[in-house]
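Peer 1: I need the structure of the sequence given here:
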Amino acid sequence: GLATFTVCKTCGETVSCEHCTVPLVLIRESVSGKRSFLCPKCTRSSSATVTCKRCGSYNLLPLGIGVDTVMDECKKLFSPPAGGLPLFSLDAENMKNTTAIGNVIEKFQNSKGAILVGTERALPYIPKVDRSIVVSFDSLFLIPSYQVAMRIIRLVVTLRLSATKKCIIQTRNPDDELLKVDGANNLLAWYRSDIAQREALRYPPHTTIIKVSVLTPKDNLKTIRENLGEIFTEYEPDIFLGRGSPKEGYHLLSMILRVPIKMWSVIPSHQPDFELSRLLGALPREYMIEINPEQLF
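Peer 2: Below you'll find the predicted structure:
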């Protein structure tokens, strides 16, 4: 895409998917050239000519660096007469199946001095290359997930292994500990530190996190919050408003339960909490329940 997320300059609201509240990616359609928004989670698309759902402003600002933006810069720098290097990309449009991916990779490998631009999803398919470059690496730290550190480690290690000569990372924090993981010893030290932090914060694998979300009218917000707090009081729930709202006049209310692993696990020797299972099963259909979700907030 052109930008990984878009915010309203008037009120700060993030432009999000109406169905799953994930920040939308601004893309440029390959055939028409028109701009549109794409949800990276459910893949629904919508018009780019929208207004802020919170304040109604048209003053929307695209942020982050997407594949299309990088490709545009590469074309300026390396297309004839600047250099004439072959350019290829792996993004949502040409990663719909393994055949399409294989075709792009084959053309890239058979083209001398070629440049391949791709998203994180392209990592498993990238062959050995002379150099690998990460653009706008710091944006990964903004992802609201307790698993983001593991994601960053996987990205750094994969790219360093794929580059035979040099791996270049664009960052404002070159001394970050995650960027120093380049071998088994460093990786083990980081893993031990990460596991200790997860234990202190009651994150998996030390607990099972259960997230319950519901889209509710503003007038019902207080009542639903109190009801959830009363029903699940034994499990010390954290109840809060989610990021943004896909529907005017509504709020996304979320609840987080951190359950001891022995009370909610697939391990046969663990005794499941049948009462918690009953309480969750009794919630109305409009409540969404996620186990160990990627994002908590």
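
Peer 1: drop to CA atoms for contacts and neighbour counts, all remaining ones
Peer 2: Will do.

Peer 1: which residue ranges form the strands in the stretch 151-297 of the chain?
Peer 2: 163-169, 207-217, 238-241, 250-260, 288-291 (DSSP state E, counting those that start in this stretch).

Peer 1: okay, these in a markdown table with mean neighbour count, distance to residue 147 and mean pLDDT next?
Peer 2: As requested, these are arranged in a markdown table below (neighbours: other CA atoms under 10 Å; distance: least, CA to CA, whole Å; pLDDT from 0 to 100):
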| stretch | mean neighbour count | distance to residue 147 | mean pLDDT |
| --- | --- | --- | --- |
| strand 163-169 | 15 | 20 | 89 |
| strand 207-217 | 19 | 13 | 91 |
| strand 238-241 | 16 | 19 | 91 |
| strand 250-260 | 20 | 16 | 90 |
| strand 288-291 | 14 | 14 | 90 |
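
Peer 1: Including distance to residue 134, could these go into a markdown table?
Peer 2: Formatted as a markdown table, those follow (distance: least, CA to CA, whole Å):
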| stretch | distance to residue 134 |
| --- | --- |
| strand 163-169 | 5 |
| strand 207-217 | 32 |
| strand 238-241 | 34 |
| strand 250-260 | 34 |
| strand 288-291 | 31 |
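
Peer 1: And residue 269, how far from residue 159?
Peer 2: Taking CA to CA, to the nearest Å as the measure, residue 269 falls 40 Å from residue 159.

Peer 1: Of these two, give the one with the bigger neighbour count.
Peer 2: residue 159 (23 against 8; other CA atoms under 10 Å).

Peer 1: Please name the nearest non-neighbouring residue to that one.
Peer 2: Counting by CA to CA, 6 or more residues apart in numbering, residue 159 lies nearest to residue 132, which is 6.3 Å off, once chain neighbours are set aside.

Peer 1: Now that neighbour: phi and psi?
Peer 2: Torsion angles at residue 132 (phi, psi; degrees, to the nearest 10) stand at phi -130, psi 140.

Peer 1: count of residues packed around it?
Peer 2: Residue 132, neighbours per other CA under 10 Å, totals 21.

Peer 1: Surely it is in contact with residue 158?
Peer 2: No - assessed by CA atoms under 8 Å, residue 132 is found out of contact with residue 158, at 10.0 Å.

Peer 1: could you check the angle strand 207-217 makes with the top helix by length along the chain?
Peer 2: Assignment by DSSP state H gives helix 184-201 as the longest helix of the chain. For helix 184-201 against strand 207-217, the angle by axes from the mean of the first three to the mean of the last three CA atoms, to 10 degrees is 60 degrees.

Peer 1: so how far is helix 184-201 from its chain's centroid?
Peer 2: Between the centre of helix 184-201 and the centre of its chain there are 22 Å (CA atoms, centre = their mean, to the nearest Å).

Peer 1: by contact count, what packs against it?
Peer 2: Judged by 3 or more CA pairs under 8 Å, 6 or more residues apart in numbering; DSSP states H and E, helix 184-201 has no packing partners among the helices and strands.

Peer 1: got any ranges where the stretch 101-250 of the chain has weak pLDDT?
Peer 2: Low-confidence regions of the stretch 101-250 of the chain, defined by pLDDT under 70, span residues 142-144, 182-185, 243-248.

Peer 1: ok, now with 80
Peer 2: 119-121, 136, 138-146, 177-186, 242-249 (pLDDT under 80).

Peer 1: mind listing the helices for it?
Peer 2: In the stretch 101-250 of the chain, the helices defined using DSSP state H, counting those that start in this stretch lie at 148-162, 184-201, 221-231.

Peer 1: right, so those: which one is the most enclosed?
Peer 2: Highest mean neighbour count among these (mean count of other CA atoms under 10 Å): helix 148-162, with a mean of 16.
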